[in-house]
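**Q** 3D model of this:
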Amino acid sequence: MHSRNQWGGSFELTNSNEVASDYETSRIGDQWDRAALLSPASDTMDSTVQSWILERPITKKKTKYVDIGCMKLSYKALKWIFGIIFVGFCVIGLPIIVAKNLPKHHSRPIPPDNYTLALHKALLFFNAQKSGELPKSNGIPWRGNSGLQDGKDTTDDKKGLVGGYYDAGDNIKFHFPMSFAMTMLSWSVLEYKQKYMAINEYDHARELIRWGTDYLLLTFNSSASKINKIYAQVGGSLNGSKTPDDHYCWQKPEDMDYPRPTTTIFEGPDLAGEMAAALAAASIVFQDDTTYSKKLLKGAETVFAFARDFGKRSTYSRGKPNIEPFYNSSGYFDEYMWGGAWLFYATGNSTYISLATDPNVPKHSNAFYMIPDLSVLSWDNKLPAAMLLLTRFRMFLSPGYPYEEMLSMYHNVTSLTMCSYLQQFKVFNWTRGGLIQLNHGRPQSLQYAVNAAFLASLFADYMEAKGVPGWNCGPNYVSRSVLKAFATSQIEYIMGKNPMNMSYIVGYGNKFPRHVHHRGASTPNDHKHYSCTGGWKWRDTDNRNPHNITGAMVGGPNNFDQFHDSRTNYNYTEPTLAGNAGLVAALISLTSIEGTSGVDINTIFEAIPPFGPQNPPPPPPWKPNSDSLQLEFPIVIGVNSSKLMDRD
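**A** Numbers count the residues shown, from 1 in each chain. Reported below is the predicted structural model:
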């Protein structure tokens, strides 16, 4: 018997003279019995041998695991994981915690560009021109309530014609240029809403538009479906008059104490068409206010119906001596195209786009004759703006038949209009200092330049949105960047890059007009009442105006780049409502705002239903007719092929 070897082997020693047959060895499992190989040569074993014999066999420690639910991890792996997390916390987390608890040192925001700075000021001009009971937030400390009796001479049971805007340096409310100014402001807001929001002027611009449209709704019975008259003007003057009126008297609006008659018209498609455009464009601006938007749209459709009344087709200024010398209208078919386009965008009603693309409208307005003066946008001539607005429709919605033919012609004329603005084609004269002379060197040149700058900049943005790099001016290919460069050159001239080194925007830059032809700005706010002729001393003094009418764009220099800062010379120093609207539109189009890009393509089209594929109607079936056979060939044979492409 052998005692059990707790380590799994035998203690039996073999004789050194014996050899196990067939190399037989004792095995337990797969382990060699090392003790069985030793011979008992002596009773006393060497200590080294004993230690070898008695050595505890090396056994591999059992790996311990931790069950974490979805998997089992060894203790060693778990230690590595926790170690990595700890190191990561020290390297990444700890610095973040420290940084967040350190005192904050905010980096200064990117300063606004010069166009943005000028735009902030240009919008303030409208605050200074407000008539009526002013809100406390108006922000012009030298202006107060005025014109609170306007419209009381009318026979209607109304509250009168309180509100609106004074046109220029006088105290007259001309509704024709006022409507145009509101249309231009609305158009700029619809195209560049994101820019207005980015510079925190969106609400301000909307408030200015609403101040104007609220007033325009008072000038006719906007709740009716049909009207027979419109109030075209409040206040006025006769040339050479010596009786107290808005030109003879030099009084700030708050001191007016002379009669301010209301001019009523019973025909005037030009004024009515422009008012419809203003109300329709504003209805899209305020489409988030459903009630007000519908009210504007109702008024727009009512007043446009007045414009389209065949029995009322005579210009609004005809026979009106207090209008003709100041805002005389040259026609009304451009307002048909302009108002029709805006009403189509606002309603989606195809009746309006059918009118705007009716061949008779451009025919009667001479739209396709490429007369240089008709490519100049103004309060009187809407053709270039209307055709660009309709070109937008073609570029982005591609409606096809039955509008494509006329829209493509509008697009072509728009392209040629843009060519005419470029100095290289010598359509218009330019001053040596770089100002385009769109009104042939006559006074108030700047308002025409800013309108052209806006149209050029906007058309360039349309092309950019469509991925179009440029367009053709005859055989010459022109990059769209050239249009932006033109717009920039005109606005920078107005902002001070001119031979006079003068900014023609009051309050912008270090050198700007200080003797602006403006009754309110030139009369001290000293709580004294100055009579009609008592205010002449403020008109005739050589002293600077006591108030800067911030943001006002004055009439501008002459065709030799010369400017006279004289209050009595209104050709140089008088601002206008329509002029400043064009300036605002041009500035917002050029303003560079990080995170905003180009125009808002879709908002203006939201009321327009989708266009499906439309094909022209098939030709009538051919019938064998001897008369027709005799007529067909003489018409075609011998005619130059280019003549076949001519269209009336």
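**Q** Break down the stretch 351-500 of the chain into its strands, ranges please.
**A** For the stretch 351-500 of the chain, the strands defined by DSSP state E, counting those that start in this stretch cover 429-430, 436-437, 470-473, 476-479.
**Q** Just checking: what are the partner strands of the third one?
**A** For strand 470-473, sheet partners with direction are given as strand 476-479 (antiparallel), following DSSP bridges.
**Q** What lies in contact with the partner strand?
**A** For strand 476-479, contacts defined as C-beta atoms under 8 Å, 6 or more residues apart in numbering pick out 419, 422, 469-472. Placement of C-beta: from N, CA and C, glycine included.
**Q** what about 10 Å?
**A** 415, 418-419, 422, 424-425, 460, 463, 469-472, 485 (C-beta atoms under 10 Å, 6 or more residues apart in numbering).
**Q** got the contact list for the closest residue to residue 506 other than its chain neighbours?
**A** The shortest distance from residue 506 to any non-neighbouring residue, by C-beta to C-beta, 6 or more residues apart in numbering, is to residue 552 (4.5 Å). Taking C-beta under 10 Å, 6+ apart, we find residue 552 in contact with 121-122, 124-126, 128-129, 168-169, 504-507, 512-513, 516-518, 521, 573-576, 579-580, 583.
**Q** One more: residue 520?
**A** So residue 520 contacts 128-129, 140, 142-144, 146, 166, 169, 171, 251-255, 545, 547, 549 (C-beta under 10 Å, 6+ apart).
**Q** so where is the chain shaky, pLDDT-wise?
**A** 1-73, 75, 77-78, 89, 91, 93-95, 98-111, 157-158, 612-618, 621-648 (pLDDT under 70).
**Q** all helices in the stretch 101-250 of the chain, in order from the N-terminus.
**A** Assigned by DSSP state H, counting those that start in this stretch, the helices in the stretch 101-250 of the chain fall at 114-128, 175-191, 193-198, 202-216.
**Q** could these be laid out in TSV, adding distance to residue 318 and mean neighbour count?
**A** Compiled in TSV, the helices of the stretch 101-250 of the chain are given as follows (distance: least, C-beta to C-beta, whole Å; neighbours: other C-beta atoms under 10 Å):
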stretch	distance to residue 318	mean neighbour count
helix 114-128	30	23
helix 175-191	13	27
helix 193-198	38	20
helix 202-216	21	21
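**Q** Mind checking which of the contacts of residue 520 land in strands?
**A** Among those, no residue falls in strands (DSSP state E).
**Q** which of those residues are buried?
**A** Buried subset of these (neighbour count, 16 or more other C-beta atoms under 10 Å): 128-129, 140, 142-143, 146, 166, 169, 171, 251-255, 545, 547, 549.
**Q** Now do the longest helix along the chain against helix 175-191, angle only.
**A** In the chain, taking DSSP state H as the definition, the longest helix is helix 445-466. Orientation of helix 445-466 against helix 175-191 (axes from the mean of the first three to the mean of the last three C-alpha atoms, to 10 degrees) gives an angle of 30 degrees.
**Q** what distance separates helix 445-466 from the centre of its chain?
**A** 12 Å (C-alpha atoms, centre = their mean, to the nearest Å).
**Q** So which other helices or strands are in contact with it?
**A** With contacts taken as 3 or more C-beta pairs under 10 Å, 6 or more residues apart in numbering; DSSP states H and E, helix 445-466 sits against helix 175-191, helix 383-397, helix 404-420, strand 436-437, strand 470-473, helix 480-495, helix 577-590.
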